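Peer 1: Structure for this input, please:
(one chain, ligands or ions: 3)
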Amino acid sequence: MAKHQIAVIKGDGIGVDVVDEALKVLDALAGKHGIEWEFVEFPWSSEYYFEHGEMMPSDGVEQLRSFDAIFLGAVGHPEVQDHITLNGLLLPIRRAFDQYACVRPSVLLPGVDSPLKDVKPYDIDLIVVRENTEGEYANVGGFQYRDFPDEVAVQSSVFTRKGCERVIRYAFELARERKKKVHVTSITKSNAQGYGMVLWDRTFDAVKEEYPDISTDSLLIDAACMDFIRRPQNFDVVVASNLFGDILTDIGAIITGSMGLASSANLDPTRTNPSMFEPTHGSAPDIAGMGIANPMAQILTSALMLDHLGEDAAADSVRSAVENVLETGEILTPDLGGSSTTTGVGDAIAALVA
Ligand code: NAD
Ligand code: IPM
Ligand code: MN
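Peer 2: Numbering: from 1, shown residues only. Ligands and ions are numbered 1, 2, ... in the order given. Next comes the predicted model:
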């Protein structure tokens, strides 16, 4: 019996509902796969902020350190500025635990409509590896003359050779392991960002020499956004800076059907620290409390967590169950054209993995 200790942060909005469904699925598969779960819930969220004036306690990161993984829903509340919620919880955890590879698959599955014409199931099967600890998200900057007419804000990007190299290398290894197109696309904007992204480009060119079996190309982010729509079939592994990876993965989500299907993992590939598993989507205030959020993104994210924990068979069974429900097409939430509820979809998937 393998035991896994998981820190659970449901967060805000639909995060709470979709995490409940994913935990239902993980509990349902436990017996069959000889897994014993210990889920420890941390109530860190905007509600916690209203009560305590902070998103998590000052030793929050230390409280998480000993866990095998962190399973997170989403954070973000209409009444709290996003830079407070995200800089108070999500981003410090990614940085403190050096979760430098954010891995986000986008696969067009049978039974799912893409808004693009002429794409068939599996025509789109790409994975974005997003640099996750530095770049445009480096917490470097400040305000001068705050609230005065001459106020100045400085927001610096930070690109390090080590930071670029390790995530680029991760992308190459992944392309080799996936055995699909065995192709890596690097995305920057080095025509305008003449320092950090030039360092990225130079690093990419150096690392690719070590992988002669893998074909490559480099695109500028504007053209890459167009090609995600125009010819997404061309992509296999895409490696991009923090901000560009963020933007591209919302495009990747919608061309493969919905934000409600987009899974994501924040990995420390060295396994020195716990990795964190949270879907690509946010707390979706526009549908929060309505019981109609699609829990599949969170459930597919739990499959990425199972992969990371070495529970391969359980991960496969979760993916198959989701694919089965999609293909059958009877129990789907409104984002996929159905009229089922969050719990209805969770129940259907849980029944299939049990
Ligand atoms: P969002 O991803 O929450 O929502 C974008 C759109 O996708 C909305 O129309 C929403 O209804 C839909 N959507 C998202 N997830 C869905 C699901 N599971 N099922 C069905 N539809 C779904 O992005 P946003 O509206 O830009 O952000 C809302 C809040 O979430 C903000 O505060 C933002 O900062 C935060 N956010 C948090 C995370 C995170 O915690 N990981 C990620 C992204 C955004
Ligand atoms: C994501 C989110 C976060 C990000 C926000 C909420 C800070 O959009 O995980 O995609 O940009 O990383
Ligand atoms: Mn995002």
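
Peer 1: Distance of Leu243 relative to ligand 2?
Peer 2: 7 Å (C-beta to the nearest ligand atom, to the nearest Å). C-betas here are computed from N, CA, C, even on glycine.

Peer 1: how many neighbours does Ile84 have?
Peer 2: For Ile84, the count of nearby residues is 14 (other C-beta atoms under 10 Å).

Peer 1: you'd agree it is in a helix?
Peer 2: Yes. Per DSSP: H, G, I helix; E, B strand; the rest coil, Ile84 lies within a helix segment.

Peer 1: Might you report the residue contacts of it?
Peer 2: Tyr49, Met55 (C-beta atoms under 8 Å, 6 or more residues apart in numbering).

Peer 1: That one and Ala284, how far apart?
Peer 2: Look at Ile84 and Ala284: by C-beta to C-beta, to the nearest Å, they are 19 Å apart.

Peer 1: repeat for Ala69
Peer 2: Ala69 is 23 Å from Ala284, where distance means C-beta to C-beta.

Peer 1: How about Arg231?
Peer 2: 29 Å.

Peer 1: Neighbour count: those two, which is higher?
Peer 2: Set side by side, Arg231 and Ala284 show more neighbours around Ala284, with 22 against 13, by other C-beta under 10 Å.

Peer 1: And for the more buried one, nearest residue in space, chain neighbours not counted?
Peer 2: Ile14 (4.6 Å; C-beta to C-beta, 6 or more residues apart in numbering).

Peer 1: what's the answer for Thr185, then?
Peer 2: Take Thr185 and drop its neighbours on the chain: the residue closest to it by C-beta to C-beta, 6+ apart is Val238, 4.8 Å away.

Peer 1: Can you dump the C-alpha atoms of the strand or helix carrying that neighbour in CSV for me?
Peer 2: Here Val238, judged by DSSP states H and E, is contained in strand 237-240. What follows is strand 237-240, C-alpha atoms only, in CSV (Å, rounded to 0.1, in the frame of the first residue of the first chain):
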residue,chain,number,x,y,z
VAL,A,237,6.6,20.5,-27.3
VAL,A,238,6.6,24.3,-27.0
VAL,A,239,8.9,26.0,-24.5
ALA,A,240,8.2,29.6,-23.6
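
Peer 1: Surely Gly141 is in a strand?
Peer 2: Yes. Assessed with three-state DSSP, Gly141 lies in a strand.

Peer 1: Burial check on it, number of neighbours?
Peer 2: Gly141 has 10 nearby residues by other C-beta under 10 Å.

Peer 1: Go ahead and confirm it touches Ser157.
Peer 2: No. If you go by C-beta atoms under 8 Å, Gly141 and Ser157 don't touch, sitting 9.6 Å apart.

Peer 1: Up against ligand 1, what does the protein have?
Peer 2: Within the chain, the residues that sit near ligand 1 (C-beta under 6 Å from any ligand atom) are 14, 18, 74-76, 82, 86, 90, 259-260, 278, 281-287, 293-294, 297, 335.

Peer 1: Among those, which lie within strands?
Peer 2: Cross-referencing these against strands under DSSP state E gives Ala74.
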